[in-house]
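Chemist: okay, here's the prediction I keep looking at, along with the sequence it came from:
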Amino acid sequence: MGAVEVLKDIYWVGALDWNVRDFHGYITYKGTTYNAYLILDEKVTLFDTVKEPFRGDLLHHIRQVVDPQRIDYLVVNHVEPDHSGALPHLVEVVRPEKIICSPMGHKALLEHYHKEDWPYEVVKTGQSLSLGKRSVQFVETRMLHWPDSMFSYIPEERLLISSDAFGQHWCTSERFDDEVDQSELMMHAAKYYANILLLYSPLVKKLLSNVQEMGLKIDMIAPDHGLIWRGDPAKIVEAYARWAEQRPARKAVVVYDTMWKSTEKMAKAVASGLMKEGISVKVFDLKANHRSDVMTEVLDAGAVLVGSSTLNNGVLPNVADLLHYMKGLRPQNKIGAAFGSYGWSGEAVKLINQTLQDMKVELVDEGVRAKYMPDHEALRPCVELGRKVGRMLKTSLGEGEDG
Ligand code: FEO
């Protein structure tokens, strides 16, 4: 792929990574992109770079548009190495007049690359920089999702260069939202939100309201990963507002691991109880499903039910992994319950309950345990657990028992 003109004299010059599969614990089945944007104006300006191994792709794309040595300003919206990894090499090649970053970005750049002599220019929210015909307004977006993160807004183009926000880990030959399948696009955007931004939802709400107050007119959102929102930028802003609210849907996630299929039988029985109550259910065996895919479904689920056999007085390792990961992302407004089979000690249900309570998940029930292999009778309480959770979910949604 070559450089792509996204607006007159504004180019995507980033890199396609078709093969990355692990993004610190998030599985990226379809790769990702590292987006960088080049504006040709009186001051030629590059916004962000790429992951270090892709620096050749970045320079190749820049050279298709302009001699890299003609670049005047490098804007660092985010210091995480997937966007600044190529920066030291770019600085060598470009010899920029200015490296523009937020106050926390300055600190983070020094702590990453240890270059005191780079020509830093620190900008804060509300500051503006002229490029010639265009200008850049900076908006610090601290903790979305690093302390250094910021947006660059080009008012003359109504263009928001949004760093990680509004991105998707999805590598495509297309560059714009209106060129791809919408349901797949929104699935990747939701997965990205659920696995990267969920715990910062209160800050997302605040940021969206600040952006509204600032009166930024936005025709295009250019994130640092995935597709550029050109056809319908409001769609992703509205989705972020919805996801940040964490309003529960009439939906439950049943997630488990099992040693000898007893807990799996219980999971199926729990799911059948939920379905009898008219709840939409997603069932995940953790041997076959990745934690980040489970989190994508947890995002709008009203109930989370976790099952594990007891192993060595604890839960199975896959369940411990999921609970640890989910706790870090701090999902809100969920009800839940635990279930699991055991042979003699049977601590798993109690341990799951503890973690769910630590996560502020409202427990509907003390949970269901079944000894060794549950028979039809032993599975009845599991069906009832599903029904009970389903009824409570409907009540909490204001739907009533038959709603
Ligand atoms: Fe895509 Fe926070 O880096």
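Modeler: Great, that's in hand. The structure displayed is predicted, hence computed values, not measured ones.
Chemist: for the stretch 1-150 of the chain, what spans make up the strands?
Modeler: 4-7, 10-12, 15-17, 22-23, 26-27, 32-34, 37-39, 44-47, 71-76, 98-101, 120-122, 128-130, 135-140, 150-154 (DSSP state E, counting those that start in this stretch).
Chemist: can you say which of those strands is nearest to residue 337?
Modeler: strand 26-27 (26.6 Å; Cβ to Cβ). To be clear about C-beta, it is placed using only N, CA and C from the backbone, and glycine gets the same treatment.
Chemist: can you list the strands that the closest one pairs with?
Modeler: strand 22-23 (antiparallel) (DSSP bridges).
Chemist: from the chain's centroid, how far away is the partner strand?
Modeler: 12 Å (Cα atoms, centre = their mean, to the nearest Å).
Chemist: likewise for stretch 372-388?
Modeler: 35 Å.
Chemist: test my guess that residue 94 contacts residue 71.
Modeler: Yes - at 4.6 Å, residue 94 counts as touching residue 71 under the criterion of Cβ atoms under 8 Å.
Chemist: so what sits against both of those two?
Modeler: In terms of Cβ atoms under 8 Å, 6 or more residues apart in numbering, residue 94 and residue 71 are both contacted by the residues residue 46.
Chemist: quick one: the strands in the stretch 301-403 of the chain?
Modeler: With DSSP E, counting those that start in this stretch as the criterion, the stretch 301-403 of the chain has strands spanning 301-308, 310-311, 314-315, 335-342, 362-363, 368-371.
Chemist: enumerate the residues of the stretch 101-250 of the chain near the ligand.
Modeler: Listed as neighbours of the ligand in the stretch 101-250 of the chain under the rule Cβ under 6 Å from any ligand atom: 145-146, 164, 224-225.
Chemist: what pLDDT does residue 402 get?
Modeler: Note on residue 402: pLDDT of 50.
Chemist: same check, this time on residue 212
Modeler: Reported pLDDT for residue 212: 89.
Chemist: part of a helix, is it?
Modeler: Yes - with DSSP: H, G, I helix; E, B strand; the rest coil as the criterion, residue 212 is part of a helix.
Chemist: tally of neighbours for it?
Modeler: 11 (other Cβ atoms under 10 Å).
Chemist: ok, it to the ligand distance?
Modeler: As for residue 212, its distance to the ligand is 24 Å (criterion: Cβ to the nearest ligand atom, to the nearest Å).
Chemist: residue 2 too?
Modeler: 23 Å.
Chemist: wait, doesn't that residue sit right on residue 61?
Modeler: Yes - between residue 2 and residue 61 there is a contact under Cβ under 8 Å: 6.5 Å.
Chemist: ok, the two, which is more surrounded?
Modeler: Higher neighbour count among residue 2 and residue 61: residue 61, with 21 against 10, using other Cβ under 10 Å.
Chemist: I figured that one hits residue 5, correct?
Modeler: No - the pair residue 61 / residue 5 is not scored as a contact, 11.5 Å apart, by Cβ under 8 Å.
Chemist: quick one: contacts of stretch 297-305?
Modeler: By Cβ under 8 Å, 6+ apart, the surrounding residues in contact with stretch 297-305 are 190, 193-194, 198, 243, 246-255, 270, 274, 279, 282, 284, 326, 331, 333-339, 356, 361, 364, 385-386, 389-390, 392-393, 396-397.
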